[in-house]
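Peer 1: task: produce atomic coordinates for the following.
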Amino acid sequence: VQFTSTRHGDILRLNTNMPPVGRHAITALAASAFIFSPLKCVSAVDGISSRLQVHIPHTLFRQDGYDHREALFGIPPYGGKITQFVYYADSDLCDAQVDTRVGFPERPLDKSGKMEPWPSPYILMVDRGICTFVTKVRNAQRSGAAGVIIADNSCLCDAGKTCFSEPGVECEEREPIMADDGSGADISIPAFLMFKQDADVVKAELRANSVVQMEMAWSLPSPDDRVEYDLWTIPTDPVSRNFLRTFKDASMGLGARAYFTPHMYIYDGIKSNCRGFDGESQCYNLCTNNGRYCATDPDNDLDKGISGADVVEESLRRICIWKHYGEENGVGVEWWDYVNIFMMQCDTPDLFMKPKCINEVMYKASIDEAVVQQCIDDSGGLDEDKPNTILDAELTARENVGVVIVPAAYVNRASIRGALEFVTMFRAVCSGFAAGTEPKICKSCVPCADTKTCVQSGHCIGSGNGESVSKTAFLGSVIALSGIFGLIGLIQYRRTQRKIREQVRGIVAEYMPLDKNLDFDTELS
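Peer 2: Coordinates of the predicted model:
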């Protein structure tokens, strides 16, 4: 299934490689996630972490910056900013062969008679439309851009008389979302969407060959000396597996100074029409509680393998483990151990829901099976046609946050953009502390070249920061090297002296008297 807007190029694709019943169920679930999830206009109060400002010309400067929306892909430099001159491509940048010798402001001509390319680094402004946001930003990244501003090509209906649409173009009722089209993992530069009424003013300035300098800045809310960070995922998500395998060391190193909360992304089966009027599930084996709580089929085969209902059950189990082994301190060593051992031992279609495998994993992770089962039962269970309090709480939290893509990470309620990677998440968490309250592990490992190894070992190895080599180690190395070179010099000196002696003896021997009675001392030393 593909929902597409030809004029804007905003596309949502859903996998349909499954039987007819599964296709209808998956379509209902995915469409409900797109339709029913609140696509919120996040403000600074709600935790938006970015700022867009024009510094040159000063006539375009605004005290509070420009309203904009962040891309849900790319890797922003949290705690940093990009301040560069802007070039307008005068194009939608959908062609992979980007011509860097066009656009505005105009540049001097080179020997070939063409305009000089956009001088890196720069911020590139491109028009919205035709292709996806990811395609535009990827092409800009390949051309050398440090950041991208996508100029909206239609007005929002609530903009009123402040925005003027092109003839024949209707206004939009809802704000566009710069979503990942599923291929944005290779995007490493940030991107903003600038609303039409503001983008038109900037483009006019650039078309007049005036210099425009913009600032794209990012920061995380830093309310106190403790950071709260959340992860939204599902037990079968392949993207978050590497993060889950490696971030335990960071969680333990940050300790109680950073409070972690894992969330499981499930669908509301009632809103997705998976629960029929007769109380029976209409979505085959994708749901529990007679169609109340659902998940997509991870292997796209409704007849075998892992089902959506299996994913819901494992999600509830992990939430219960967190509630009893991680909720109190926000670290949850046992939860991390369970997830990692589960991925190694039970993450296959044959073992995913085998009680024996699951119980063995809980035993190895020092988790009481009875405590977890009691939590599942007390919440309402998964078999009967009745609400489950824990899963209802997850649905409510998902709607309040506005999660539409998994995995999704948040620090101090601000969404973390880009791929879910160890370094990105660790640095984002560390930038969430109030100034001067950062824990030691952040001060040591954030500036380190090998952040992951630093977190795992407790100190920076290499030349990542000024404390990578201690004074004692440095002096010891100097003394050792001096000793080695001194020894080499002494050996060479003695070898040279020995050769000189042998040469002198040979010369003296040639002039020795033939009288054997004469006694000459031929020793030189």
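
Peer 1: helices of the chain, start to end?
Peer 2: Using DSSP state H, the helices of the chain run over 20-36, 133-143, 196-207, 241-246, 248-254, 308-325, 333-345, 355-364, 369-378, 389-401, 422-431, 440-445, 451-457, 471-510.

Peer 1: can I get those in TSV with mean pLDDT and mean neighbour count?
Peer 2: To be clear about C-beta, it is placed using only N, CA and C from the backbone, and glycine gets the same treatment. Listed next are the helices of the chain as TSV, based on pLDDT from 0 to 100; neighbours: other CB atoms under 10 Å:
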stretch	mean pLDDT	mean neighbour count
helix 20-36	45	18
helix 133-143	95	23
helix 196-207	95	19
helix 241-246	95	17
helix 248-254	95	20
helix 308-325	97	23
helix 333-345	97	19
helix 355-364	97	16
helix 369-378	97	14
helix 389-401	94	16
helix 422-431	92	22
helix 440-445	94	20
helix 451-457	92	19
helix 471-510	76	10
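
Peer 1: wait, which of these is closest to V227?
Peer 2: V227 lies closest, by CB to CB, to one member of the helices of the chain: helix 422-431, at 5.3 Å.

Peer 1: now for that closest one, which elements pack on it?
Peer 2: strand 227-233, helix 241-246, helix 248-254, strand 408-411, strand 414-416, helix 440-445, helix 451-457 (3 or more CB pairs under 8 Å, 6 or more residues apart in numbering; DSSP states H and E).

Peer 1: same list, the ones you listed, but as CSV with distance to D67 please.
Peer 2: Below are the helices and strands packed on helix 422-431 laid out as CSV (distance: least, CB to CB, whole Å):
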stretch, distance to D67
strand 227-233, 26
helix 241-246, 32
helix 248-254, 34
strand 408-411, 22
strand 414-416, 17
helix 440-445, 32
helix 451-457, 34
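
Peer 1: what about F260, distance to V333?
Peer 2: Distance of F260 to V333, given as CB to CB, to the nearest Å: 11 Å.

Peer 1: okay, and the common contacts of those two?
Peer 2: S251, G326 (CB atoms under 8 Å, 6 or more residues apart in numbering).

Peer 1: where does the stretch 101-250 of the chain have low pLDDT?
Peer 2: Where the stretch 101-250 of the chain drops to pLDDT under 70, the residues are 221-223.

Peer 1: hey, where'd the strands end up in it?
Peer 2: Using DSSP state E, counting those that start in this stretch, the strands of the stretch 101-250 of the chain run over 123-127, 147-151, 191-194, 213-218, 227-233.

Peer 1: buried residues of stretch 261-278, list them for me.
Peer 2: Of the residues in stretch 261-278, those with enough neighbours to count as buried (16 or more other CB atoms under 10 Å) are 261-275.

Peer 1: that stretch: end-to-end distance?
Peer 2: 37 Å (CA to CA, to the nearest Å).

Peer 1: one more: stretch 128-147?
Peer 2: In stretch 128-147, first residue to last residue: 15 Å (CA to CA).

Peer 1: again with stretch 376-396
Peer 2: End-to-end for stretch 376-396, by CA to CA: 18 Å.

Peer 1: ok, and what's touching that stretch?
Peer 2: By CB under 8 Å, 6+ apart, stretch 376-396 touches 263-266, 268, 279, 288-290, 292-293, 309, 312-313, 315-317, 319-320, 323, 375.

Peer 1: ok, now stretch 243-254?
Peer 2: With CB under 8 Å, 6+ apart as the contact definition, stretch 243-254 has outside contacts at 227, 231, 233, 258, 260, 331-333, 336-337, 339-340, 343, 407, 420-422, 425-426, 429, 439, 441-442, 452, 455-456, 458.

Peer 1: quick one on the thing from earlier: the buried residues of stretch 261-278: which two are farthest apart?
Peer 2: Greatest spatial distance in these: T261 and N273, 30.2 Å, computed using CB to CB.

Peer 1: tell me the spacing between the residue lying closest to S307 once chain neighbours are set aside and K386.
Peer 2: The shortest distance from S307 to any non-neighbouring residue, by CB to CB, 6 or more residues apart in numbering, is to N285 (4.2 Å). Distance, N285 to K386, using CB to CB: 19 Å.

Peer 1: who has more neighbours out of the two?
Peer 2: N285 (18 against 10; other CB atoms under 10 Å).

Peer 1: state the distance from the more buried one to M353.
Peer 2: Using CB to CB, N285 is found at 11 Å from M353.

Peer 1: cool, and Q197?
Peer 2: 54 Å.

Peer 1: S366 touches W335, doesn't it?
Peer 2: No - using CB atoms under 8 Å, S366 is not in contact with W335; the gap is 10.9 Å.

Peer 1: could the helices of the chain go into TSV alongside distance to E172?
Peer 2: Below are the helices of the chain laid out as TSV (distance: least, CB to CB, whole Å):
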stretch	distance to E172
helix 20-36	16
helix 133-143	15
helix 196-207	10
helix 241-246	35
helix 248-254	41
helix 308-325	34
helix 333-345	41
helix 355-364	48
helix 369-378	44
helix 389-401	23
helix 422-431	31
helix 440-445	42
helix 451-457	41
helix 471-510	62
